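[1] make a model of this:
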Amino acid sequence: MKTETIENILNFLQEKEGKEIPKSWFKLIEKLKLIKEIENHPDDIQYRYKGDLVLKNSNITKLPNDLYVTGYLDLGDCKQLTKLPDNLYVGDELYLKGCTQITKLPDNLYVGDSLNIKETSIEEIPNNIYVDLSLYIENTPLAKKYTDKEIYEMIKLRGGELVGKIFR
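    Here you go, the predicted structure:
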């Protein structure tokens with residue numbers, strides 16, 4: 001059943017039948033619409049999202065190329081997401097904890113706050129990475145493979161920067 005059909009049924013029950021529909025159901029429908037919009041966005045056009053983009057625990061499989069999020073991007077526990085787009089810009093925190101299918105970070109990654117890659121399969125630092133505050137790498141191949149000093153040096157050698165701390 002299409003998301004729009006479900007939304008129409010819920011609106012009918014609420015408006016015409018006087019039924020109480022939990023607001024969380026409407027929020028879920030909005031999230032499903034947003035996921036569909038994001039997954040179907042053309043790859044040759046930048047996708048800009050103003051504010052916090054929370055897709056945590058969703059079944060999203062694809063993000064548009066050149067994704068630009070002004071706020072927080074929460075992709076925590078998105079188990080079907082296998083890849084992040086190059087030129088990803090996140091103005092605040094990028095939260096990837098539990099995205100076990102993601103094996104590498106994209107090139108030209110900008111994170112204006114913290115990058116949380118705990119419990120992912122990430123084992124390498126990409127080209128041109130910038131993380132303004134902190135890097136969380138607990139339970140990743142990256143944490144097992146490199147020391148903090150090596151990670152800082154790799155980022156620097158690749159033309160990037162990590163201003164804050166690394167948390168293991």
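[2] all strands of this structure, in order?
    Applying DSSP state E to the chain gives strands spanning 47-49, 53-54, 67-69, 73-74, 89-90, 94-95, 109-111, 115-116, 129-131, 134-136, 161-162, 165-167.
[3] which among those is found nearest to residue 27?
    Proximity to residue 27 (C-beta to C-beta) singles out strand 53-54 among the strands of the chain, at 10.1 Å. All C-beta spots, glycine's among them, are computed from the backbone N, C-alpha and C.
[4] Serialize the strands of the chain to a markdown table and add fields for mean neighbour count.
    Rendered in a markdown table, the data for these read as follows (neighbours: other C-beta atoms under 10 Å):
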| stretch | mean neighbour count |
| --- | --- |
| strand 47-49 | 16 |
| strand 53-54 | 18 |
| strand 67-69 | 20 |
| strand 73-74 | 24 |
| strand 89-90 | 22 |
| strand 94-95 | 24 |
| strand 109-111 | 21 |
| strand 115-116 | 24 |
| strand 129-131 | 21 |
| strand 134-136 | 21 |
| strand 161-162 | 18 |
| strand 165-167 | 15 |
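[5] where along the chain do the helices fall?
    For the chain, applying DSSP state H gives helices covering 3-15, 23-39, 141-145, 148-157.
[6] reformat the ones you listed as CSV; add mean pLDDT and distance to residue 80.
    Output for the helices of the chain, formatted as CSV (pLDDT from 0 to 100; distance: least, C-beta to C-beta, whole Å):
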stretch, mean pLDDT, distance to residue 80
helix 3-15, 70, 18
helix 23-39, 82, 11
helix 141-145, 94, 20
helix 148-157, 88, 28
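[7] pick the most deeply packed of these.
    Burial of these is given as mean neighbour count (mean count of other C-beta atoms under 10 Å); helix 141-145 ranks first at a mean of 16.
[8] quickly, which of the strands of the chain bottoms out on average pLDDT?
    Note on the strands of the chain: strand 161-162 shows the lowest mean pLDDT, a mean of 84.
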